[in-house]
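>>> Quick one: sequence and predicted model below, then my questions.
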Amino acid sequence: MIIDYIEIGTRIRNKRKELGLRQNELAEMSELSNNYLSNIENGHSVPSLEALVRVCNALGTTPDYILLGNMRSDNVPMNIIDNLRLCSDEGLKVISDIVDSFVRNKL
């Protein structure tokens, strides 16, 4: 398995921007130096496991998403997963927006 550190950095940067955070804010929240975080986002540094966990916690996301680009679904009932497979792209976007709202509001 080849690990794409540039893609990992891109996911971190995209999630940070999605949350409206500046790089220095995420670095502070993660207790990392701004230079180290910048190097991770640009794919120039390989994040340590501890750094990866800190960034994930600060971004409110999972390592699955940062490393692989997807979220774990092993705790989602199969009937929900099956129904999601039947949704159109437009329907999935609406559902994603709803889930994002729930996550932001910690419901």
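Received it, and whenever you're ready, just let me know what you need. Predicted model only: the values in this text are computed from it and were never measured.
>>> mean confidence score for the top helix by length along the chain?
Longest helix of the chain, by residue count under DSSP state H: helix 89-104. Averaging pLDDT along helix 89-104 gives 88.
>>> ditto for stretch 63-80
Mean pLDDT, stretch 63-80: 76.
>>> Go through that stretch and flag the buried ones.
Neighbour counts using 16 or more other C-beta atoms under 10 Å place Y65, I66, L67 of stretch 63-80 among the buried residues. Every residue, glycine included, has its C-beta placed from N, CA and C.
>>> Kindly report the same for stretch 51-61.
Buried, per 16+ other C-beta under 10 Å, within stretch 51-61: A51, L52, R54, V55, C56, A58, L59, T61.
>>> What does the pLDDT read for E28?
For E28, the model assigns a pLDDT of 97.
>>> Reduced to three states, what does it come out as?
Following DSSP: H, G, I helix; E, B strand; the rest coil, the label given to E28 is helix.
>>> List the residues that contact it.
Not one residue lies near E28 by C-beta atoms under 8 Å, 6 or more residues apart in numbering.
>>> if we can go back for a sec, contacting residues around the longest helix of the chain?
For helix 89-104, contacts defined as C-beta under 8 Å, 6+ apart pick out G60, L84, C87.
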